[in-house]
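> The sequence and its predicted three-dimensional model are supplied below.
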Amino acid sequence: MEKDESRKQAANLIDHPALIPLLPYLRSFARKGLTSFRKGTDKFSPLAIEQYASSVMEKVGELDNAINSLRLTLQLILDLTKQPHAKAEMYRYYYENYLLRGVGIVDRAHRLVGASFLWSKAKYEAVGGNKYVKERIKEYDPKIYASLRKIDATFQSHRSPRNEVIHSSAFSDRELGLLLSIEALKINPASDQEIQVLKSELFSVGANEISMMIQSTGDAVNELLKNLSQVYLNVIALSEPEPR
């Protein structure tokens, strides 16, 4: 696998075409905030549409942060495949970060939908917030609902190991467990070269999995933003005064 693999879909979500109509309002929000800061106060009065643009972009930024974290994790694991004496413990650390950050993308996608529709933040960010969003959007906009389901399905197989990492034990599987035991017990294998090959293969499999996840997640989130584009246009249209 080439080192540049982690740079696929390099464009940030914040640059998505669906968000372009909101950018002028985000800029004016930022200018007002900066002016207020220079005056030594954190109080200013943004327009409702400026506040809305800021809220939506904040959620998009959270998604960007999570996906970029996966790209960074991928790069770190790719680097491990090229190190002759890389530690299996380092791989586990990176892979656990992937599990935790990856599943978090699902929550952030639901929060983006909640913010986009101006629903109760206390509800869509609470425990059970994803269910709240799904139930509201299912009948209202089937396309957006389908996009959320697709994002959810992308990480479904990772929920169990992710929950184990959070609540009970460190991540491991048969191959990783063997390598961790060799390192912990300082076993001197008959063929150190064979162990290095096993490590490299394990790291490469993990890197390939993460690369595919980044691709599928990026596609699903881009589809979600595309389906939200009309929502943003509608909000802007309602916020602007009618011409005389």
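Here it is on my side, so go on. Residues are numbered from 1 along each chain as shown.
> Mean confidence (pLDDT) on stretch 26-43, please.
Mean pLDDT, stretch 26-43: 81.
> Counting neighbours, what do you get for the residue lying closest to P17 once chain neighbours are set aside?
In this structure, P17 finds its nearest non-sequential neighbour in S229, 7.4 Å apart by C-beta to C-beta, 6 or more residues apart in numbering. For glycine as for every other residue, the C-beta is placed from the backbone atoms N, C-alpha and C. For S229, the neighbour count with other C-beta atoms under 10 Å is 15.
> tell me what the helix or strand hosting S229 is packed against?
When elements are assigned from DSSP states H and E, S229 belongs to helix 192-239. With contacts taken as 3 or more C-beta pairs under 8 Å, 6 or more residues apart in numbering; DSSP states H and E, helix 192-239 sits against helix 48-81, helix 88-116, helix 142-154, helix 174-184.
> Now do the residue nearest in space to the middle of the chain against E96, distance only.
By C-alpha atoms, centre = their mean, the chain has its centre lying nearest to A66, at 3.2 Å. As judged by C-beta to C-beta, to the nearest Å, A66 and E96 stand 15 Å apart.
> now L238
In terms of C-beta to C-beta, L238 sits 44 Å off from E96.
> Please identify which of the two sits among more neighbours.
E96 (19 against 9).
> Show me which positions of stretch 74-86 end up buried.
Residues of stretch 74-86 classed as buried by neighbour count (16 or more other C-beta atoms under 10 Å): L74, Q75, L76, I77, L78, L80, T81, A86.
> quick one: low-confidence ranges for the chain?
Low-confidence segments of the chain (pLDDT under 70): 1-11, 160-195, 240-244.
> hmm, back to that, can you tell me which of the helices and strands packed on helix 192-239 comes nearest to A220?
Closest approach to A220 among these (C-beta to C-beta): helix 142-154, 4.6 Å.
> Report the inter-axis angle for the closest one versus helix 48-81.
In terms of direction (axes from the mean of the first three to the mean of the last three C-alpha atoms, to 10 degrees), helix 142-154 departs from helix 48-81 by 30 degrees.
> which parts of helix 142-154 are buried?
Result for helix 142-154 [16+ other C-beta under 10 Å]: buried residues I144, Y145, A146, S147, L148, K150, I151, D152, T154.
> what's the answer for stretch 55-63, then?
Neighbour-count burial for stretch 55-63, with 16+ other C-beta under 10 Å as criterion, is recorded at S55, V56, M57, K59, V60, E62, L63.
> Of those, which is the nearest to L70?
The shortest gap between L70 and any of the buried residues of stretch 55-63 belongs to L63, at 11.1 Å (C-beta to C-beta).
> Hmm, L13 and the closest one touching each other?
Yes: look at L63 against L13 with C-beta atoms under 8 Å: they come within range, at 5.6 Å.
> Between the two, which contacts overlap?
V221 (C-beta atoms under 8 Å, 6 or more residues apart in numbering).
> residues contacting the residue lying closest to K143 once chain neighbours are set aside?
Excluding its sequence neighbours, the residue lying closest to K143 (C-beta to C-beta, 6+ apart) is N227, at 4.6 Å. Each residue near N227 by C-beta under 8 Å, 6+ apart is listed here: D141, K143, I144, S147.
> if we go to 6 Å?
For N227, the contact set (C-beta atoms under 6 Å, 6 or more residues apart in numbering) comprises K143, I144, S147.
> With P46 instead?
F29, K32.
> ok, it to T35 distance?
11 Å.
> Can you pull the phi/psi pair for H16?
Phi and psi for H16, reported as degrees, to the nearest 10, are phi -60, psi 140.
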